[in-house]
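Engineer: Here you go, sequence then predicted model.
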Amino acid sequence: MRNDGRKKMVEMKGVTKYFGALKALDSVSLDVYEGEKVVIIGPSGSGKSTLLRSVNRLEEINGGTIVVDGFDIYDPAVDINKVRVEVGMVFQQFNVFPHKTVLQNLTLAQQVVRKRSKAEAEQVAFRLLDKVGIREKAHVYPTKLSGGQQQRVAIARALAMQPRLMLFDEPTSALDPEMIGEVLDVMVNLAREGMTMIVVTHEMGFAREVADRVIFMDYGVILEEGSPEHFFANPTHERAQQFMRQIL
Amino acid sequence: MAEIAPKRFRKKKNEEPKKVLIDVGDGAAIPSKEDVGLFTAWRVAFFGAIGISAGLCIFKPDPYLEIMKFVPDGILVTFEVTVLSILLALVIGLFTGLGRISKNRLINGTASLYVEVIRGIPLLAQLFYIYFALGRFVQLPPLPSAVIAMGVCYGAYMGEIFRAGIQAIPKGQTEAARSLGMTPAQSMYHVILPQAVKTILPPVGNEFVALLKDSSLVSILAVADLLRRGREFASQSFAYFETYTMVALVYLMITLFFSKLISIMEEKISAE
């Protein structure tokens, strides 16, 4: 469909994952192309977060292969840390570093992993803090910030590594309703700049605005795949119809 | 339409950063301001000890003032043993704690075995073992023997404190660090340990006070610590009651002083 010569950023084949006896992912295959924005939706426990987390190997999988940016990340010969530098991750619970200021949150990995000088790292950090609109909080500890601000710090922290792919794991699910907008705005802007994004979310407005493709998952499999319009108008699978009714 | 949701395999994770208190229950109780009873008791004991020892020295200088002139050398040795031992214990404890959470079965097994063995042998027996039994192979002077024995012993307890402190940090912190490309060691050093220090400090303070008291055991090895100096004085003067009264009061003052100091430090750190 969109195999128009673009490079595959993520290539998943037959990915299977068990939590004990429970099959969280059942032979899932999914390709994401460079510059593409993929939104994954589905009920909680459908395996969508597990799928996303396996893309930078935060979960060990029990079968299948995942190739990210040309690297088979479950191959023991591949240095996963090198791949992770190119893959930004944003978590539901923000996971900002509470013992570091906002600025230090953004510079730490740049200095430690990217080996940038402090001055260079801070320059990058300030540019990104401008972008997410919290430059004035640079020297504040993140515990003093609202959830929306913390999540924007987390996004800026991931972007500071200049990743080629961004993963969002329900980035607005832990936020108060009035703060969801500010985080989504940052994500929409990022999408417009051409970032490759895989987003697990229930925000269908966001999906409609930026998604090239929406993936509906349940029972650890991809049940349906299509444009956002397709999901709004007439999802074919019964579980997808039911899910859309519930969240809209 | 309202169908019962199918049973899901995983609960949504909600990692709230929870405040964890590691209660080792060893050493002097560190008084906090909320605990009014203990706080008052601390003042009564501390200032009482100062008052009584000062009073005894002033009104009955023979033998009390003589004792007070004789034992300070020992206080220095007690401090020396305590500080060196706690430093050694911290280093051993850090590696033991890391070993105990290691996924490597050999490292994990070794660390666990060390903790189990050491915790199962009384400190006094360990002191004897290192100084007398191992003396057959390497004869170390009393002070290094004492420091090694105490450090190795407290290192095992310290290891458990480090382990608990590290495990109290939400998993999301490690995941965030690793997803930025940090190695396990980098994420431990830059992200986890600095946060764990807050949780670890109170029980480490507790261990310090406990170790300070246990350091009196080294007097057995002819290390001239506070207790040993007292014993020397008593055996010359036969003033057993007077000497050991003073020794006990000095220990009490030191211990209470440090308990207080640690609780102040703790308050400052948690206020940050």
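Structural biologist: Ah, there it is.
Engineer: Now for the closest residue to chain B within chain A, how many residues are close by?
Structural biologist: Per C-beta to the nearest C-beta, the residue of chain A with the smallest distance to chain B is residue A:45, at 2.9 Å. Every C-beta, even on glycine, is put in place using the N, C-alpha and C of the backbone. With neighbours defined by other C-beta atoms under 10 Å in any protein chain shown, the count for residue A:45 comes to 21.
Engineer: And for residue B:193?
Structural biologist: For residue B:193, the neighbour count with other C-beta under 10 Å is 19.
Engineer: For chain A, see how far away it is.
Structural biologist: Spatial separation of residue B:193 from chain A under the definition C-beta to the nearest C-beta, to the nearest Å is 10 Å.
Engineer: Need the three-state assignment for that residue.
Structural biologist: Judged by DSSP: H, G, I helix; E, B strand; the rest coil, the three-state class of residue B:193 is helix.
Engineer: ok so, going back, tell me the confidence at the residue of chain A closest to chain B?
Structural biologist: Predicted confidence (pLDDT) for residue A:45: 87.
Engineer: ok, now residue A:180?
Structural biologist: Here the pLDDT value assigned to residue A:180 is 94.
Engineer: I'd like to know how far it sits from residue A:141.
Structural biologist: Here residue A:180 is placed at a distance of 23 Å from residue A:141 (C-beta to C-beta, to the nearest Å).
Engineer: try residue A:79
Structural biologist: Taking C-beta to C-beta as the measure, residue A:79 and residue A:141 are separated by 33 Å.
Engineer: ok, these two, which is more surrounded?
Structural biologist: A count of neighbours by other C-beta under 10 Å puts residue A:141 above the other of residue A:79 and residue A:141, at 17 against 13.
Engineer: which phi and psi does the more buried one have?
Structural biologist: Phi and psi for residue A:141, reported as degrees, to the nearest 10, are phi -80, psi 140.
Engineer: same thing with residue A:216?
Structural biologist: In terms of degrees, to the nearest 10, the main-chain angles of residue A:216 are phi -100, psi 120.
Engineer: So what touches stretch B:210-223?
Structural biologist: For stretch B:210-223, contacts defined as C-beta atoms under 8 Å, 6 or more residues apart in numbering or on different chains pick out B:26-28, B:77-78, B:81-82, B:85-86, B:89, B:123-124, B:127-128, B:131, B:142-143, B:145-146, B:150, B:154, B:225-228, B:231, B:251, B:254-255, B:258.
Engineer: Mark which of those residues are part of helices, please.
Structural biologist: With DSSP state H as the criterion, helices contain B:77-78, B:81-82, B:85-86, B:89, B:123-124, B:127-128, B:142-143, B:145-146, B:150, B:154, B:226-228, B:231, B:251, B:254-255, B:258 from among those.
Engineer: And the buried ones among these, selectable in ChimeraX?
Structural biologist: Here is the ChimeraX command that selects only those of those that count as buried (16 or more other C-beta atoms under 10 Å in any protein chain shown):
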select /B:77,78,81,82,85,86,89,123,127,128,142,143,145,146,150,154,226,227,228,231,251,254,255,258
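Engineer: quick one: the helices in the chain?
Structural biologist: You didn't pick a chain, so chain A it is. In chain order, chain A shows helices spanning A:48-54, A:80-85, A:102-112, A:118-132, A:147-159, A:177-192, A:204-210, A:228-233, A:238-247, with DSSP H as the criterion.
Engineer: Chain B was what I was after
Structural biologist: According to DSSP H, chain B carries its helices in the segments B:36-59, B:61-70, B:72-100, B:105-119, B:123-128, B:142-167, B:171-179, B:184-187, B:193-214, B:226-237, B:240-271.
Engineer: residue closest to the middle of chain B?
Structural biologist: Most central in chain B under C-alpha atoms, centre = their mean is residue B:207, positioned 1.6 Å from the mean C-alpha point.
Engineer: Any stretches of chain B with poor pLDDT?
Structural biologist: Per-residue confidence for chain B (pLDDT under 70) gives these ranges: B:1-39, B:272.
Engineer: Same question for chain A.
Structural biologist: Scanning chain A with the threshold set as pLDDT under 70 gives A:1-5.
Engineer: try 80 this time
Structural biologist: When the per-residue scores of chain A are filtered using pLDDT under 80, the ranges that remain are A:1-5, A:248.
Engineer: Residue numbers of it in contact with chain B?
Structural biologist: Within chain A, the positions adjacent to chain B are A:19, A:22-24, A:43-45, A:50, A:56, A:58, A:81-82, A:84-85, A:87-89, A:91, A:93, A:95-99, A:108-109, A:112-114, A:154, A:157-158, A:161, A:174, A:219, A:242, A:245 by C-beta under 8 Å from any C-beta of the partner chain.
Engineer: could you flag which of the residues you listed are buried?
Structural biologist: A:23-24, A:43, A:45, A:50, A:56, A:58, A:81, A:84-85, A:87-89, A:91, A:93, A:95-99, A:108-109, A:112-114, A:154, A:157-158, A:161, A:174, A:219.
Engineer: how about residue A:176, what does it touch?
Structural biologist: Shown in contact with residue A:176 (C-beta under 8 Å, 6+ apart): A:146, A:147, A:148.
Engineer: Counting neighbours, which of those comes out on top?
Structural biologist: Sorting those by how many neighbours each has (other C-beta under 10 Å) puts residue A:148 first, at 21 neighbours.
Engineer: hang on, isn't that residue packed against residue A:179?
Structural biologist: Yes. Under the contact definition of C-beta atoms under 8 Å, residue A:148 touches residue A:179, with a separation of 3.1 Å.
Engineer: residue contacts, the nearest residue to residue A:84 once chain neighbours are set aside?
Structural biologist: Beyond its immediate neighbours in the sequence, the residue positioned closest to residue A:84 (C-beta to C-beta, 6 or more residues apart in numbering or on different chains) is residue B:181, lying 4.4 Å away. By C-beta under 8 Å, 6+ apart, the contact set of residue B:181 is A:81, A:82, A:84, A:85, A:109, A:113, A:114, A:161.
Engineer: Residue A:210 versus residue B:181, what's the distance?
Structural biologist: Distance of residue B:181 to residue A:210, given as C-beta to C-beta: 26 Å.
Engineer: and if you look at residue B:85?
Structural biologist: Separation of residue B:85 from residue A:210 (C-beta to C-beta): 61 Å.
Engineer: what does the stretch 51-200 of chain B put close to chain A?
Structural biologist: On the criterion C-beta under 8 Å from any C-beta, chain A has as its neighbours in the stretch 51-200 of chain B the residues B:170, B:172-173, B:175-183, B:186, B:190-191, B:194-195.
Engineer: Out of the residues you listed, which end up buried?
Structural biologist: Judged by neighbour count, with 16+ other C-beta under 10 Å as the criterion, the buried members of those are B:170, B:172-173, B:175-182, B:186, B:190-191, B:195.
Engineer: Residue B:64: which of those is nearest?
Structural biologist: For these, the closest approach to residue B:64 (C-beta to C-beta) belongs to residue B:195, at 48.8 Å.
Engineer: Looks like that closest one contacts residue B:173 (just checking).
Structural biologist: Yes. Taking contact to mean C-beta under 8 Å, the distance of 6.9 Å between residue B:195 and residue B:173 places them in contact.
Engineer: what sits in contact with each of the two?
Structural biologist: The contact lists of residue B:195 and residue B:173 share residue A:97, where a contact means C-beta under 8 Å, 6+ apart.
Engineer: Of all the helices of chain A, which one comes closest to residue B:57?
Structural biologist: Relative to residue B:57, the nearest member of the helices of chain A by C-beta to C-beta is helix A:102-112, separated by 53.1 Å.
Engineer: quick one: contacts of stretch A:223-230?
Structural biologist: For stretch A:223-230, contacts defined as C-beta under 8 Å, 6+ apart pick out A:39, A:42, A:204, A:207-208, A:211-217, A:231, A:235-237, A:239-240.
Engineer: hmm, try it at 6 Å
Structural biologist: Where contact means C-beta atoms under 6 Å, 6 or more residues apart in numbering or on different chains, the residues beyond stretch A:223-230 that reach it are A:207, A:208, A:211, A:214, A:215, A:216, A:237, A:239, A:240.
Engineer: circling back: redo the helices of chain B as CSV? Include distance to residue A:225.
Structural biologist: CSV is the format used below for these (distance: least, C-beta to C-beta, whole Å):
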stretch, distance to residue A:225
helix B:36-59, 64
helix B:61-70, 85
helix B:72-100, 44
helix B:105-119, 42
helix B:123-128, 66
helix B:142-167, 40
helix B:171-179, 26
helix B:184-187, 35
helix B:193-214, 41
helix B:226-237, 77
helix B:240-271, 50
